[in-house]
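J.: What follows is a predicted structure for the sequence shown.
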Amino acid sequence: MHQSIREDLEEYLKGSGDGRMPEHFAAHLASCESCAAEVRAMQAQSKLLRVLRPQADLEPLPGFYARVLDRIETQTEVSIWSIFLRPSFGRRLAIASALLVLLMGGYLISTEPNESGLMTNSIPTVLSQDNVTLDDGAGQNMVLSSGDSLQQQRDAVLVNLASYHE
C-alpha cells in the first residue's frame, strides 16, 4: 500500500463512504487497483467489526467481583518446592542421585592408591618381631630389638610414621 493511502486510511475507514475523502486519496484509488482492492477489503472488515459492537455498555452480573476475589483467594501459590511432590520428578531425582553415588564410588575406588606399598613395617608387625629395621626418613635406619625400652620403641615407631613419604 502506498504512503498517500496509509496516511488517510484510518479517517476514511471511520467515515466509510460519507464523501469526506481527500482528492489525492480518491485519485490514487482510481489509478492504483492494488490499493483499491486493499481498501475495499479493509472496508468489509470495518463493517463486520461495527456489527459486533454492543449497543449499550455492558455491566457485569451481580456478584461477579465477589466471585473473582474468592477465586483469587482460594488459589494456592505455586512454590518451587511443590515440584518435589510430583512422583515422576521424585523418581527421576532418586535415579539421578543413585547414579551419581555409583559414579563417585567408582571414581574413588579406581583412583585409590595401592595400599601394599604404603607402609612396609606396620605397627603390629613392628611390635611382634624381635629385631626390626625402621627408616627414619632422613636416610638413617633404626634397629629396634626386643630389649629396647618401651619408650624408645614408641619413639622409633612415631618417627617412622611421621617421616613416611610416598
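T.: Ah, there it is. Residues are numbered from 1 along each chain as shown.
J.: What separation is there between the residue nearest to the spatial centre of the chain and residue 96?
T.: Central residue of the chain (Cα atoms, centre = their mean): residue 80, 12.0 Å from the mean position. Residue 80 is 18 Å from residue 96, where distance means Cβ to Cβ, to the nearest Å. For glycine as for every other residue, the C-beta is placed from the backbone atoms N, C-alpha and C.
J.: ok but residue 78 is inside a helix, no?
T.: No - under DSSP: H, G, I helix; E, B strand; the rest coil, residue 78 falls outside any helix and is assigned coil.
J.: So the protein: which segments form each domain?
T.: According to automatic domain parsing, the chain comprises the domains 3-52, 120-162.
J.: count of neighbours near residue 35?
T.: Neighbourhood size, residue 35 [other Cβ atoms under 10 Å]: 19.
J.: Per-residue pLDDT of it, please?
T.: Listed pLDDT for residue 35 reads 87.
J.: One more: residue 22?
T.: At residue 22, the model reports a pLDDT of 71.
J.: Tell me how far the closest residue to it other than its chain neighbours lies from residue 84.
T.: Spatially, and ignoring its direct neighbours in sequence, residue 22 is nearest to residue 8 (5.7 Å; Cβ to Cβ, 6 or more residues apart in numbering). Computed as Cβ to Cβ, the residue 8 to residue 84 distance reads 61 Å.
J.: So between those two, which is more surrounded?
T.: More neighbours surround residue 8 than the other of residue 8 and residue 84, with 16 against 10 (other Cβ under 10 Å).
J.: Might one say that the more buried one is in contact with residue 25?
T.: Yes - Residue 8 is in contact with residue 25 according to Cβ atoms under 8 Å; the separation is 4.9 Å.
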